[in-house]
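[1] dropping the sequence and predicted coords here.
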Amino acid sequence: EFLGFKRFCMGPSISLAVYKEKWLIGTFAENLWSVGNGSSDRNDINVAVIQSFFYYQLPKEWYLTSIPIISVNWKGPEGGRWRVPVGGGFGKKVVSGPVGVRFQVASYYFVSKLEPTRQKWSIQSSMIIAFATKAEREKMKQ
């Protein structure tokens, strides 16, 4: 029962990104509203998520990154609707043949916290594996 709204939700979303020299900057935003009557024991939903991303390429496939995920529960209690992290981290891209792997670590402090958890810190780590397409593999051979 902890995960999910158990309600059908819909809403708009938008994504924008700009790549310039060593920078990649963008955002993804969406707002969801519950639709239909549903069960009377379930609250109406009105939530938004804004995920911005910033990458700065360093030498030797290293990079700096910040990917804060801002969320807001528009129906939450006053003073506990927003979850706003501030922080960032670093990563390394490793390529071996047609396979690329990104390793990344970041830490975020929450300057504003959602009720009821009031989480103060978050540490994120990830490993992303990417396989080259056939056209990309042919290009690598040249």
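    Received, thanks. Numbers count the residues shown, from 1 in each chain.
[2] tell me the strands in the protein, going along the chain?
    Secondary structure of the chain (DSSP state E): strands at 9-10, 13-20, 23-34, 46-57, 62-66, 69-73, 82-96, 99-112, 121-131.
[3] relative to strand 69-73, how tilted is the fourth one?
    Right, strand 46-57. 170 degrees (axes from the mean of the first three to the mean of the last three C-alpha atoms, to 10 degrees).
[4] near Ser122, how many other residues are there?
    Ser122 has 15 neighbouring residues, counting by other C-beta atoms under 10 Å. Glycine gets a C-beta too; all of them are placed from N, C-alpha and C.
[5] hmm, I typed the wrong one, I wanted Tyr63.
    19.
[6] just send the strands of the chain back as CSV, with mean pLDDT too.
    Formatted as CSV, the strands of the chain follow (pLDDT from 0 to 100):
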stretch, mean pLDDT
strand 9-10, 90
strand 13-20, 95
strand 23-34, 95
strand 46-57, 95
strand 62-66, 96
strand 69-73, 92
strand 82-96, 92
strand 99-112, 92
strand 121-131, 91
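[7] redo those as CSV? Include distance to Glu138.
    Rendered in CSV, the data for the strands of the chain read as follows (distance: least, C-beta to C-beta, whole Å):
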stretch, distance to Glu138
strand 9-10, 42
strand 13-20, 24
strand 23-34, 25
strand 46-57, 25
strand 62-66, 27
strand 69-73, 37
strand 82-96, 16
strand 99-112, 16
strand 121-131, 14
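[8] my read: Ser125 touches Ser107, true?
    No. Between Ser125 and Ser107 there is no contact under C-beta atoms under 8 Å: 9.9 Å.
[9] and the closest residue to Gly87 other than its chain neighbours, how far from Val99?
    Nearest non-adjacent residue to Gly87, counting by C-beta to C-beta, 6 or more residues apart in numbering: Tyr108, 3.7 Å away. For Tyr108, the distance to Val99 equals 29 Å [C-beta to C-beta, to the nearest Å].
[10] neighbour-wise, which of those two wins?
    The neighbour comparison of Tyr108 against Val99 (other C-beta under 10 Å) goes to Tyr108, with 21 against 11.
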